[in-house]
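K.L.:
Show me the folded form of this:
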Amino acid sequence: MDQQKLRSLVFEKTGVKIDIDDPVFALVALNEAVLEEAVERHVALIDAASQELAQQARLAGGLAPHDAGARKPAPAGYAPAPAAPVGAIATQAPAITPRELRLLGAAAGIAILSALIVLGGQAAFSKAPPAPVIQQAKSLTAEEALALQNADKLSKAIQKLDPKVRAQLQAELQK
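P.N.:
Below you'll find the model as predicted:
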């Protein structure tokens, strides 16, 4: 623990000057000692747990147990079991799962059923349109037939006129 470095760090962060003989350094030293002891204890626990886990892995795999660095040879006639075949791991999920397909089908069925109910209700509760009034066409008088023939001839004659004259004539007819 570099006390000068700690003094300058405290001064930079807080602006407070502390002396090397300040009691706060005693607390820092105490904290450092407690922390070091706790870290050593945790490292020892982690080491023991990892050794136990390795021992259990060896026993589960059919290998001889491993004793604190001493290797024991495998028993005579012992052959480790072959590893079980490992199936391929799917790296991509399917675009639509079967569950989603079922949900989509159910939603489509409900939508169609709802539409049929609405159309059925509309047909049941709407009024029938009134019957169309059919008028019998009366026969044209000779005068009306002659007027229609003249109108047809006039229409054909207008189409044969010069565009400028045709525009003036149609403007006059609109009045």
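K.L.:
Tell me, what's the model's pLDDT at the residue nearest the centre of the chain?
P.N.:
For the chain, the residue nearest the mean C-alpha position is Ala95 (11.8 Å; Cα atoms, centre = their mean). For Ala95, the pLDDT comes out at 79.
K.L.:
Glu143 too?
P.N.:
For Glu143, pLDDT reads 89.
K.L.:
need the contact list for it.
P.N.:
Not one residue lies near Glu143 by Cβ atoms under 8 Å, 6 or more residues apart in numbering. The C-beta positions use only the backbone N, C-alpha and C, and glycine is treated the same way.
K.L.:
helix, strand or coil for Leu6?
P.N.:
Per DSSP: H, G, I helix; E, B strand; the rest coil, the local secondary structure of Leu6 is helix.
K.L.:
any idea how far the residue lying closest to it once chain neighbours are set aside lies from Pro132?
P.N.:
Spatial nearest neighbour of Leu6, chain neighbours left out: Val28 (6.7 Å); criterion: Cβ to Cβ, 6 or more residues apart in numbering. According to Cβ to Cβ, to the nearest Å, Val28 and Pro132 sit 104 Å apart.
K.L.:
Please say which of these two ends up with more neighbours.
P.N.:
Set Val28 next to Pro132 and count neighbours by other Cβ atoms under 10 Å: Val28 wins out with 14 against 6.
K.L.:
quick one, domains of the chain?
P.N.:
The chain resolves into domains spanning 3-60, 142-174 when parsed by automatic domain parsing.
K.L.:
circling back to that earlier point, so how far is Leu101 from the residue nearest to the centre of the chain?
P.N.:
From Ala95 to Leu101 the distance is 10 Å (Cβ to Cβ).
K.L.:
what about Lys127, neighbour count?
P.N.:
5.
K.L.:
and what of the one 4 residues further on?
P.N.:
Per other Cβ under 10 Å, the neighbour tally for Ala131 reads 6.
K.L.:
three-state assignment of it?
P.N.:
coil.
K.L.:
same for the helix or strand of the chain with the lowest mean pLDDT, what does it pack against?
P.N.:
Least confident element among the helices and strands of the chain, by mean pLDDT, DSSP states H and E: helix 163-174 (a mean of 86). When contacts are defined as 3 or more Cβ pairs under 8 Å, 6 or more residues apart in numbering; DSSP states H and E, helix 163-174 packs onto helix 142-159.
K.L.:
One more pass at 7 Å, please.
P.N.:
Judged by 3 or more Cβ pairs under 7 Å, 6 or more residues apart in numbering; DSSP states H and E, helix 163-174 is in contact with no other helix or strand.
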